[in-house]
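Novice: Return a 3D structure for these sequence lines:
(chains A and B)
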Amino acid sequence: MTDEMTKDPKGQITTDPSKPAQRMRAGSMTITLGPWIIAGIALMLMPFIFTSNSALTIMNQMWITVIFALAYNMLLGQGGMLSFGHAVYMGLGGFFCMHIMNYVEDYGVAFPLPLLPLFGGLFGMGFAMLIGSFSTSGAGTRFAMISLGVGELIAACSVIIVAFFGGEEGISGDRTYGLPFFGVEFLKQIEVYYLISFWLMLSAALMYLFSRTPVGRMANAVRDNPERAQFLGYSARWVRFYSFCASGFFCGIAGGLFAISYEILTEENLNAASSGVILLVTFLGGVGFFFGPIIGAIAFTLLQTVLSLQTELWSIYAGALFLATVMFFPGGLAGLLMMHVPAIKLGKASGLIMPYIKTLIPAAIGVLGLCALIEMTFHYRHGATGDHEMTLFWTTFDSHSILPWLVAGLITVVGIGIAKVTAPSMKEAWDEANTAGGGS
Amino acid sequence: MELILVNLIDGLVTGLLLFMLSAGLTLIFSMMGVLNFAHASFYMLGAYFAYSISLAVGFWMGLLIAPLIVGLLGAGVERYGLRRVHQYGHVPELIFTFGLALLIEELVQFIWGKNQMPYDVPDVLNFTAFAIAGNSIPAYKIFMIFISVSIFIGLLYILTKTRVGMIIQAALSYPRTVEALGHNVPLIFMGVFGVGTALAGVAGVIAGPVLGTFPGMAFVLGSIVFVTIVIGGLGSLWGALVASLLIGWITTFAKSYNIAMSDILNGIGISTPENMSEHPLRDLWTVTSPQIADILPYILMVLILIFRPAGLFGKRES
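Specialist: Numbering: from 1, shown residues only, chains lettered A, B, ... in the order given. Okay, here's the model as predicted:
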């Protein structure tokens, strides 16, 4: 099973040599600082653009998810290991940090809060060493199954072992436990924001550097062809083990930041649903590129926070989007973006703009029409009896009358119809933009 | 003694139900090399379809029609989903079925709502078959055992004795050769996937009235099914049977006999600490076997994977 998985050249979504990520890896150790500086400045400026408290909360959640997703991608994207129980490492790091927080509060030890995630990380790594010692001997299905089993085991234990996990209600703490750090007491959301941003920059940079170390490079080799890596004298097992431990470390950091940000951890932070979400986030963003999970985490958190305020059905849309990604764009959002690099390099990207507008806008309108139909069906079936009024896209109408159904149906059919008609010309423009020479 | 007999029957029912799910899953795995994470979702669909059908035309028609619909849906998923994703490799295939499981759960909530459905045991079977020392055994349990066993025998017969079974078995190991002999291998794959999901559907139809028909029912069984086929050895039908029964009996016995951890620890000569409230290991002392019954299969799986990675009946390390 493992053999088939790793030998088949088509079987790996990330091994296409024409993909830019691979070419980047083949380059030298030089690291371009540009994107990092821009990202750092953006992180600093974000609170000045989005000043409300809820925006800060969303951003905090986003950055924590980014760290978690990047750590997850160390396994899935770089090491080819599919984990179904990765929330455990983040959750355990968080629980451990919460215990430190409570301990410091009870016994008054001088311990600066900003260092807390480091200890969460070390705890996450320690636990990853324990589990990794037997789970990383193979990749593929065996690894996936062990990760699932261990994940379920720990999540179930969290209800039984009350001393550490706090049972059903979890454990909570207080991040403002006294001892100010250079005058900062972490009372305000904005102070937590900058703390999280600092750890985000630090861990993202470290994870990027890790992917450039010999171990990080060998993880790619082991993912693609373990026999060959073994033949060259590298132990596939140890390479996987190191990646696994490093991933556990950064998951623990994310957990520590979660503990600081939310001041409560429960069984929910460990269970299979959380593990599933991070898989979804990472794959949606794109596992073939270092920055893929970042896009995924941002997009997913926005979906989760903004869309869930608008509709109860947001998880149906998220699920459908996820399936569509797996089926049609296995490179994820990052892969979709990077597909355009050759066209840009050829200087032909501008030729794509008009065909895109002609196809994608009607398609988007058609999909919105379809969403309207779904929402109306949901309201029709599950709305309170007698409550026929519903508001959708800023218009209020009667979901039991025929007219809105006709309108939504018409929009759907016409929108998708136009997109279908114009799709061939978009494909033509795409081929044209990706061919060197000739044409304009 | 009588209690042991009752537990044996209860565990047998649980185990055989689990077997119906894991038989389809392990068949699909040995064929396509992909673990279908949405397998338990098809089980849930079976229960929901059967409920809706039973409202119109009664339980028996539901038992007949619901698995058919589920099987057709499964075949459609293979034809239009998995086959497409297959070109990207096994990891995206796994992720695809995982996403499918999430989507099916959401769709079930969309169509039927979040509440438990009033899907009940049919009146014909709603009586006590016999009693053992005051513990009554409902007729429906006997019916479940009967259905599961006949399906197992039927499956075994088709796979080992018929021509179709020969072709399927050959296609599992040598798809290219079978294709060269003029058989339509993709069609066989689609058919086996459909039959596997239909089996899950049958399990849903008959388990729905006892275990409850609610949107979380796939999630409850989802990971235990994997545990079962991993313990039994991936791709082994006999392994799936043995592991299902093992898990069924282990959990049933752990739930019905209230064994406290402190008794065991005292038994091997470790005395209970005086001050329990602050002791760091206090949970170890208070834990009882019904509490850990549901995680025993996971512990078993991790142990098996450490010491015998191929599973009980597995032929090769996966």
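Novice: Got the confidence number for residue 40?
Specialist: All of this refers to chain A. In the predicted model, A:G40 carries a pLDDT score of 84.
Novice: my bad, chain B
Specialist: Predicted confidence (pLDDT) for B:A40: 91.
Novice: pretty sure it contacts B:M20?
Specialist: No. Taking contacts as C-beta atoms under 8 Å, B:A40 lies outside contact range of B:M20: 11.5 Å. Yep, even glycine has a C-beta here, placed from its N, CA and C like the rest.
Novice: Quickly list what's touching both of the two.
Specialist: B:A200 (C-beta atoms under 8 Å, 6 or more residues apart in numbering or on different chains).
Novice: Show me how far the top helix by length along chain A is from its chain's centre.
Specialist: If you go by DSSP state H, chain A has its longest helix at helix A:402-433. In terms of C-alpha atoms, centre = their mean, to the nearest Å, the centre of helix A:402-433 is found 30 Å from the chain centre.
Novice: gap between B:A207 and chain A?
Specialist: 20 Å (C-beta to the nearest C-beta, to the nearest Å).
Novice: need the contact list for the residue lying closest to that residue once chain neighbours are set aside.
Specialist: Spatial nearest neighbour of B:A207, excluding adjacent residues (C-beta to C-beta, 6 or more residues apart in numbering or on different chains): B:L17 at 5.4 Å. Counting by C-beta under 8 Å, 6+ apart, B:L17 makes contact with B:M144, B:S148, B:A203, B:I206, B:A207, B:G248.
Novice: All the strands of chain A, residue numbers only.
Specialist: With strands called from DSSP state E, chain A shows them at A:171-172, A:264-265, A:389-392, A:395-398.
Novice: Of those, which stretch is the most buried?
Specialist: Comparing the strands of chain A by mean neighbour count (mean count of other C-beta atoms under 10 Å in any protein chain shown), strand A:264-265 comes out on top with a mean of 22.
Novice: Give me the contacts around that one.
Specialist: In contact with strand A:264-265 (C-beta under 8 Å, 6+ apart) are residues A:G91, A:G94, A:F95, A:M98, A:G166, A:G170, A:I171, A:S172, A:G173, A:G255, A:F258, A:A259.
Novice: ok, how many other residues are close to the third one?
Specialist: Residues near A:F95, counting by other C-beta atoms under 10 Å in any protein chain shown, number 24.
Novice: Over to the last one?
Specialist: Summarising burial for A:A259: neighbours were counted as other C-beta under 10 Å, giving 29.
Novice: Same check on the fourth one?
Specialist: Using other C-beta under 10 Å, A:M98 is surrounded by 29 other residues.
Novice: That one against A:A259, yeah?
Specialist: Yes. With contacts counted by C-beta under 8 Å, A:M98 reaches A:A259, the gap being 4.8 Å.
Novice: which neighbours do these two share?
Specialist: A:G173, A:L265.
Novice: residues from the stretch 301-440 of chain A in reach of chain B?
Specialist: A:313, A:315-316, A:319-320, A:322-323, A:326-327, A:330, A:374, A:378, A:381-382 (C-beta under 8 Å from any C-beta of the partner chain).
Novice: swap the cut-off to 6 Å and go again
Specialist: Contact residues (C-beta under 6 Å from any C-beta of the partner chain) of the stretch 301-440 of chain A with chain B: A:S315, A:I316, A:G319, A:F322, A:L323, A:V326, A:M327, A:P330.
Novice: Which of the residues you listed sits closest to A:P214?
Specialist: Distance to A:P214, by C-beta to C-beta, is smallest for A:P330 among these, at 28.1 Å.
Novice: buried sites along the longest helix of chain A?
Specialist: By neighbour count on 16 or more other C-beta atoms under 10 Å in any protein chain shown, the buried set for helix A:402-433 is A:404-405, A:408, A:411-412, A:415-416, A:418-419, A:422-423, A:426, A:429-430, A:432-433.
Novice: per-domain residue ranges of chain A.
Specialist: Chain A breaks down into these domains under the TED database: A:36-311, A:347-434.
Novice: For those domains, which has the smallest mean pLDDT value?
Specialist: Lowest mean pLDDT within the domains of chain A: domain A:347-434, a mean of 76.
Novice: can I get the strands of chain A in TSV with distance to A:A110?
Specialist: Listed next are the strands of chain A as TSV, based on distance: least, C-beta to C-beta, whole Å:
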stretch	distance to A:A110
strand A:171-172	22
strand A:264-265	24
strand A:389-392	55
strand A:395-398	59
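Novice: Can you say which of the ones you listed is nearest to B:I65?
Specialist: strand A:389-392 (34.1 Å).
Novice: Contacts for the closest one, please.
Specialist: A:A372, A:E375, A:H379, A:T396, A:S399 (C-beta atoms under 6 Å, 6 or more residues apart in numbering or on different chains).
Novice: and of these, the nearest to chain B?
Specialist: A:E375 (10.5 Å; C-beta to the nearest C-beta).
Novice: give the contact list for that closest one.
Specialist: A:L392 are the contacts of A:E375 under C-beta under 6 Å, 6+ apart.
Novice: what does B:E105 give?
Specialist: Going by C-beta under 6 Å, 6+ apart, the list of residues near B:E105 reads B:P215.
Novice: Stretch B:57-67: which residues count as buried?
Specialist: B:F59, B:G62, B:L63, B:I65, B:A66, B:P67.
Novice: So which of those residues sit within helices?
Specialist: Per DSSP H, those map to helices at B:F59, B:G62, B:L63, B:I65, B:A66, B:P67.
Novice: Identify the residue spatially nearest to the fourth one, adjacent ones excluded.
Specialist: Nearest residue to B:I65 in three dimensions, chain neighbours excluded: B:I53, at 5.4 Å (C-beta to C-beta, 6+ apart).
Novice: so who does that neighbour touch?
Specialist: Neighbouring residues of B:I53 by C-beta under 6 Å, 6+ apart: B:M61, B:G62, B:I65, B:A66.
Novice: how far is stretch B:205-218 from where the chain is centred?
Specialist: 12 Å.
Novice: Between the two ends of that stretch, how far is it?
Specialist: Stretch B:205-218 has an end-to-end distance of 13 Å (criterion: C-alpha to C-alpha, to the nearest Å).
Novice: worst-scoring helix or strand of chain B, pLDDT-wise?
Specialist: helix B:282-286 (a mean of 69; mean pLDDT, DSSP states H and E).
Novice: That concludes my questions; thank you for your assistance.
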